[in-house]
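Colleague: Pasted the sequence and its predicted model underneath.
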Amino acid sequence: EPEVTQTPSHQVTQMGQEVILRCVPISNHLYFYWYRQILGQKVEFLVSFYNNEISEKSEIFDDQFSVERPDGSNFTLKIRSTKLEDSAMYFCASSELRYEAFFGQGTRLTVV
Amino acid sequence: KNQVEQSPQSLIILEGKNCTLQCNYTVSPFSNLRWYKQDTGRGPVSLTIMTFSENTKSNGRYTATLDADTKQSSLHITASQLSDSASYICVVARDRLAFGKGNQVVVIP
(Lines give C-alpha, C1' and ligand atoms only; values in the text may rest on other atoms or scores of the structure.)
Protein backbone atom coordinates (compact mmCIF):
# COMPACT_ATOMS: atom_id res chain seq x y z
CA GLU A 1 0.00 0.00 0.00
CA PRO A 2 1.46 3.40 -0.91
CA GLU A 3 2.50 5.58 2.00
CA VAL A 4 4.02 8.91 2.80
CA THR A 5 7.63 8.54 3.87
CA GLN A 6 9.60 11.00 5.94
CA THR A 7 13.29 11.30 6.68
CA PRO A 8 14.99 11.46 9.03
CA SER A 9 12.89 9.85 11.74
CA HIS A 10 14.75 11.83 14.38
CA GLN A 11 16.79 15.00 14.00
CA VAL A 12 18.76 16.68 16.75
CA THR A 13 20.05 20.14 16.04
CA GLN A 14 21.59 23.02 17.90
CA MET A 15 19.61 26.17 18.45
CA GLY A 16 20.19 28.59 15.62
CA GLN A 17 20.97 25.94 13.05
CA GLU A 18 18.96 25.28 9.92
CA VAL A 19 17.20 21.97 9.38
CA ILE A 20 15.52 20.43 6.37
CA LEU A 21 12.85 17.82 6.88
CA ARG A 22 12.14 15.63 3.91
CA CYS A 23 9.01 13.93 2.70
CA VAL A 24 8.07 11.75 -0.22
CA PRO A 25 4.31 12.05 -0.71
CA ILE A 26 2.17 9.35 -2.30
CA SER A 27 2.89 9.53 -6.00
CA ASN A 28 -0.46 10.49 -7.51
CA HIS A 29 -1.39 12.95 -4.78
CA LEU A 30 -1.81 16.62 -5.55
CA TYR A 31 -2.07 18.25 -2.13
CA PHE A 32 0.81 18.33 0.32
CA TYR A 33 0.86 19.45 3.92
CA TRP A 34 3.10 19.95 6.89
CA TYR A 35 1.78 19.63 10.43
CA ARG A 36 3.45 19.96 13.78
CA GLN A 37 2.71 18.27 17.08
CA ILE A 38 4.41 19.49 20.22
CA LEU A 39 4.71 16.76 22.82
CA GLY A 40 1.41 16.25 24.60
CA GLN A 41 -0.45 18.72 22.43
CA LYS A 42 -2.71 18.49 19.42
CA VAL A 43 -1.67 18.34 15.82
CA GLU A 44 -1.29 21.85 14.36
CA PHE A 45 -1.51 22.87 10.73
CA LEU A 46 1.52 24.61 9.28
CA VAL A 47 1.13 24.85 5.52
CA SER A 48 -0.55 23.35 2.49
CA PHE A 49 0.95 23.19 -0.97
CA TYR A 50 -0.85 22.70 -4.25
CA ASN A 51 0.10 23.25 -7.85
CA ASN A 52 3.68 24.10 -6.89
CA GLU A 53 2.82 26.89 -4.54
CA ILE A 54 1.65 27.49 -1.01
CA SER A 55 -2.14 27.45 -0.94
CA GLU A 56 -2.56 28.19 2.74
CA LYS A 57 -0.42 28.72 5.82
CA SER A 58 -1.07 29.15 9.49
CA GLU A 59 0.16 31.85 11.83
CA ILE A 60 2.81 29.41 13.01
CA PHE A 61 4.35 29.33 9.54
CA ASP A 62 6.36 32.54 9.72
CA ASP A 63 9.45 33.67 7.82
CA GLN A 64 11.49 31.08 9.68
CA PHE A 65 9.78 28.35 7.67
CA SER A 66 9.79 27.55 3.99
CA VAL A 67 8.63 24.66 1.83
CA GLU A 68 9.84 23.42 -1.47
CA ARG A 69 9.11 20.72 -3.97
CA PRO A 70 12.56 20.50 -5.54
CA ASP A 71 11.66 17.68 -7.90
CA GLY A 72 8.71 15.52 -8.82
CA SER A 73 8.82 13.38 -5.70
CA ASN A 74 10.19 15.26 -2.70
CA PHE A 75 8.53 17.84 -0.50
CA THR A 76 10.69 19.60 2.06
CA LEU A 77 10.22 21.80 5.09
CA LYS A 78 13.10 24.09 5.96
CA ILE A 79 13.38 25.73 9.35
CA ARG A 80 15.95 28.50 9.50
CA SER A 81 17.63 29.40 12.77
CA THR A 82 15.83 26.84 14.90
CA LYS A 83 14.57 27.72 18.35
CA LEU A 84 14.02 25.52 21.38
CA GLU A 85 10.27 25.80 20.92
CA ASP A 86 10.54 24.29 17.46
CA SER A 87 11.09 20.92 19.12
CA ALA A 88 8.16 18.77 18.02
CA MET A 89 7.02 15.97 15.76
CA TYR A 90 6.65 17.21 12.22
CA PHE A 91 4.23 15.32 10.03
CA CYS A 92 4.05 15.47 6.30
CA ALA A 93 0.75 14.54 4.68
CA SER A 94 -0.53 14.26 1.17
CA SER A 95 -3.87 13.72 -0.48
CA GLU A 96 -5.51 13.27 -3.82
CA LEU A 97 -8.54 15.27 -2.79
CA ARG A 98 -8.58 18.49 -0.85
CA TYR A 99 -10.21 17.34 2.38
CA GLU A 100 -8.09 14.33 3.11
CA ALA A 101 -4.72 13.72 4.64
CA PHE A 102 -2.55 10.62 4.62
CA PHE A 103 0.18 11.13 7.16
CA GLY A 104 3.78 10.05 7.23
CA GLN A 105 5.34 8.61 10.36
CA GLY A 106 6.82 11.94 11.32
CA THR A 107 10.21 13.44 12.06
CA ARG A 108 10.98 14.11 15.69
CA LEU A 109 12.92 17.35 15.82
CA THR A 110 14.85 18.09 18.99
CA VAL A 111 16.48 21.50 19.30
CA VAL A 112 19.12 21.70 22.00
CA LYS B 1 -11.43 28.63 21.32
CA ASN B 2 -10.75 25.17 19.97
CA GLN B 3 -13.17 24.20 17.24
CA VAL B 4 -13.02 20.52 18.13
CA GLU B 5 -13.31 19.35 21.73
CA GLN B 6 -12.85 15.75 22.77
CA SER B 7 -13.70 13.92 25.95
CA PRO B 8 -12.61 12.20 28.04
CA GLN B 9 -9.04 13.41 27.75
CA SER B 10 -7.85 9.95 28.78
CA LEU B 11 -9.27 6.67 29.96
CA ILE B 12 -8.12 3.24 31.00
CA ILE B 13 -10.17 0.20 30.04
CA LEU B 14 -9.86 -3.52 30.56
CA GLU B 15 -9.07 -5.67 27.58
CA GLY B 16 -12.26 -6.99 26.05
CA LYS B 17 -14.41 -4.10 27.26
CA ASN B 18 -16.11 -1.50 25.11
CA CYS B 19 -15.62 2.24 25.27
CA THR B 20 -17.01 5.37 23.64
CA LEU B 21 -15.11 8.54 22.87
CA GLN B 22 -16.83 11.87 22.35
CA CYS B 23 -16.18 14.74 19.99
CA ASN B 24 -18.00 18.08 20.00
CA TYR B 25 -17.29 20.53 17.22
CA THR B 26 -18.26 24.03 16.22
CA VAL B 27 -17.04 23.89 12.61
CA SER B 28 -20.08 24.24 10.39
CA PRO B 29 -20.67 23.51 7.62
CA PHE B 30 -17.94 21.00 6.97
CA SER B 31 -16.82 18.65 4.26
CA ASN B 32 -16.19 15.56 6.37
CA LEU B 33 -15.43 14.38 9.88
CA ARG B 34 -12.69 11.86 10.49
CA TRP B 35 -11.42 9.81 13.35
CA TYR B 36 -7.72 9.05 13.36
CA LYS B 37 -5.76 6.63 15.50
CA GLN B 38 -2.31 7.80 16.54
CA ASP B 39 0.08 5.37 18.17
CA THR B 40 2.73 6.99 20.36
CA GLY B 41 5.46 8.56 18.24
CA ARG B 42 3.72 7.69 14.99
CA GLY B 43 1.65 9.51 12.43
CA PRO B 44 -2.16 9.55 12.58
CA VAL B 45 -3.92 6.82 10.63
CA SER B 46 -7.45 7.32 9.36
CA LEU B 47 -10.08 5.03 10.89
CA THR B 48 -13.36 6.43 9.59
CA ILE B 49 -14.60 9.29 7.49
CA MET B 50 -18.15 10.61 7.41
CA THR B 51 -19.70 13.30 5.30
CA PHE B 52 -22.24 15.75 6.64
CA SER B 53 -25.16 13.49 5.66
CA GLU B 54 -23.87 10.25 7.15
CA ASN B 55 -24.85 9.06 10.62
CA THR B 56 -22.59 6.09 11.17
CA LYS B 57 -19.54 4.42 9.72
CA SER B 58 -17.81 1.24 10.84
CA ASN B 59 -14.30 -0.07 10.40
CA GLY B 60 -13.98 -3.44 12.08
CA ARG B 61 -14.35 -2.96 15.82
CA TYR B 62 -14.51 0.82 15.41
CA THR B 63 -17.87 2.50 14.86
CA ALA B 64 -18.22 6.24 14.45
CA THR B 65 -21.48 8.15 14.70
CA LEU B 66 -22.34 11.67 13.70
CA ASP B 67 -25.18 13.92 14.81
CA ALA B 68 -24.99 17.05 12.70
CA ASP B 69 -27.83 18.69 14.61
CA THR B 70 -26.03 18.60 17.94
CA LYS B 71 -22.58 18.82 16.32
CA GLN B 72 -21.40 15.69 18.07
CA SER B 73 -19.55 12.60 16.96
CA SER B 74 -18.56 9.50 18.87
CA LEU B 75 -16.17 6.64 18.30
CA HIS B 76 -17.13 3.32 19.83
CA ILE B 77 -14.50 0.64 20.30
CA THR B 78 -15.90 -2.85 20.72
CA ALA B 79 -14.10 -5.66 22.52
CA SER B 80 -10.96 -3.63 23.07
CA GLN B 81 -7.54 -5.13 22.47
CA LEU B 82 -4.15 -4.15 23.86
CA SER B 83 -3.26 -2.78 20.43
CA ASP B 84 -6.09 -0.26 20.74
CA SER B 85 -3.95 1.70 23.20
CA ALA B 86 -3.42 4.97 21.36
CA SER B 87 -4.67 8.50 20.96
CA TYR B 88 -7.88 8.87 18.96
CA ILE B 89 -8.20 12.18 17.21
CA CYS B 90 -11.39 13.73 15.88
CA VAL B 91 -10.76 15.90 12.81
CA VAL B 92 -13.28 18.14 11.08
CA ALA B 93 -12.50 19.25 7.53
CA ARG B 94 -13.64 22.59 6.21
CA ASP B 95 -11.17 25.07 4.74
CA ARG B 96 -8.51 23.11 6.51
CA LEU B 97 -8.43 20.21 8.91
CA ALA B 98 -9.38 21.15 12.47
CA PHE B 99 -7.88 18.72 14.98
CA GLY B 100 -9.09 17.83 18.44
CA LYS B 101 -6.53 17.16 21.16
CA GLY B 102 -7.32 13.48 21.13
CA ASN B 103 -8.64 10.88 23.54
CA GLN B 104 -5.80 8.92 25.09
CA VAL B 105 -6.92 5.30 25.51
CA VAL B 106 -4.95 2.76 27.51
CA VAL B 107 -6.10 -0.85 27.36
CA ILE B 108 -4.85 -3.04 30.19
CA PRO B 109 -4.92 -6.84 30.41
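Modeller: That came through, no problem.
Colleague: all contacts plus neighbour counts: C-alpha atoms, from now on.
Modeller: OK.
Colleague: show me what contacts the residue positioned nearest the centre of chain A?
Modeller: Centroid-nearest residue in chain A: A:W34, 3.4 Å away (criterion: C-alpha atoms, centre = their mean). By C-alpha atoms under 8 Å, 6 or more residues apart in numbering or on different chains, A:W34 lies in contact with A:45-48, A:77, A:90-93.
Colleague: swap the cut-off to 10 Å and go again
Modeller: A:21, A:23, A:44-49, A:57, A:61, A:67, A:75-77, A:90-94, A:103-104, A:106 (C-alpha atoms under 10 Å, 6 or more residues apart in numbering or on different chains).
Colleague: cool, and B:Y25?
Modeller: B:2-6, B:33, B:68, B:70-73, B:90-92, B:98-100.
Colleague: How about B:Y36?
Modeller: Taking C-alpha under 10 Å, 6+ apart as the criterion, B:Y36 is in contact with B:43-49, B:86-91, B:99, B:102.
Colleague: Could you find the closest non-adjacent residue to residue 28?
Modeller: Just so you know, I chose chain A. A:E96 (6.8 Å; C-alpha to C-alpha, 6 or more residues apart in numbering or on different chains).
Colleague: sorry, should have said chain B
Modeller: B:R94 (7.9 Å).
Colleague: for B:R42, same thing?
Modeller: Spatial nearest neighbour of B:R42, excluding adjacent residues (C-alpha to C-alpha, 6+ apart): A:Q105 at 5.0 Å.
Colleague: got any ranges where chain B has weak pLDDT?
Modeller: B:1-2 (pLDDT under 70).
Colleague: Hmm, A:E53 is touching A:E68, no?
Modeller: Yes. Taking contacts as C-alpha atoms under 10 Å, A:E53 lies within contact range of A:E68: 8.4 Å.
Colleague: Look at these two and report which has more neighbours.
Modeller: Looking at A:E53 and A:E68 with other C-alpha atoms under 10 Å in any protein chain shown, you find the greater number of neighbours at A:E68, namely 15 against 11.
Colleague: so what's that one up against?
Modeller: By C-alpha under 10 Å, 6+ apart, the contact list for A:E68 reads A:22, A:49, A:52-54, A:74-78.
Colleague: With A:I26 instead?
Modeller: A:I26 sits next to A:1-5, A:32, A:73-74, A:93-96, A:102-104 when contact means C-alpha under 10 Å, 6+ apart.
Colleague: Show me which residues of chain A sit near chain B.
Modeller: Residues of chain A lying near chain B by C-alpha under 10 Å from any C-alpha of the partner chain: A:4, A:9, A:37, A:39-45, A:47-48, A:56-57, A:89-93, A:98-108.
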